[in-house]
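Student: Predicted model and sequence follow; I will ask about them next.
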Amino acid sequence: MRRALVITVSTRASAGVWEDRSGPVLREGLEALGLAVDGPVVVADGDPVEAALREAVAAAYDLVATTGGTGLTPTDLTPEMTARVVDREIPGVAEAIRAAGVAKGVPTAILSRGIAGQAGRTLVVNLPGSTGGVRDALEVLAAVVPHALEQIPGSDHPRSE
């Protein structure tokens, strides 16, 4: 069974100021895709995100999905921290997540700066911090994650005759 880790990025949730609501939604959605899911691990914005991502890659998770820290505030640095960890970006995934939000009538979805990429053999995807944004993103991920997780370790496309 493929393994996934959910990382919630929120300085206030990590300090106990408020409850993490998006991480559990993300976990449940990834479990519905048939993944064995750990977390959510809740970390503060900034450098703790990079540290958590590096630990997850070292632990050989197949997928790491973050929620939060993708907006425009000065502390929203999840994309920057993710860019430090990934070897190759997969821009279509992040673009599709933003487009899914807009299609659901959330024009501010285009303000999410999340990225997606590959770090070694781990797929890393940034999702918005809202529960609605997570649900919209999960619809996108359901369509592509199984294939991506087959491709990353080197599985080839089946040939059609």
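Tutor: Sure, I can see it. Numbering: from 1, shown residues only.
Student: Run through the chain and note the low-pLDDT ranges.
Tutor: 156-161 (pLDDT under 70).
Student: longest helix anywhere in it?
Tutor: helix 131-151 (DSSP state H).
Student: Can you verify my assumption that Pro91 contacts Gln118?
Tutor: No: here Pro91 does not reach Gln118: they are 11.8 Å apart, not a contact under Cβ atoms under 8 Å. All C-beta spots, glycine's among them, are computed from the backbone N, C-alpha and C.
Student: Looking only at neighbour counts, state which of the two leads.
Tutor: Gln118 (17 against 10; other Cβ atoms under 10 Å).
Student: quick one on the thing from earlier: who does the longest helix of the chain touch, helix- and strand-wise?
Tutor: Helices and strands touching helix 131-151, by 3 or more Cβ pairs under 8 Å, 6 or more residues apart in numbering; DSSP states H and E, are helix 22-32, strand 63-67, helix 91-103, strand 122-127.
Student: what do you get if the cut-off is 6 Å, keeping everything else the same?
Tutor: Where contact means 3 or more Cβ pairs under 6 Å, 6 or more residues apart in numbering; DSSP states H and E, helix 131-151 is packed against helix 22-32, helix 91-103, strand 122-127.
Student: neighbouring contacts of it?
Tutor: If you take Cβ atoms under 6 Å, 6 or more residues apart in numbering as the criterion, helix 131-151 is touched by 2, 21-22, 25-26, 29, 33, 62, 67, 96-97, 100-101, 104, 123, 127.
Student: I'd say Glu86 and Ala119 touch.
Tutor: Just so we're on the same page, residue 86 is Val rather than Glu. Yes: taking Cβ atoms under 6 Å as the definition, Val86 is a contact partner of Ala119 at 4.8 Å.
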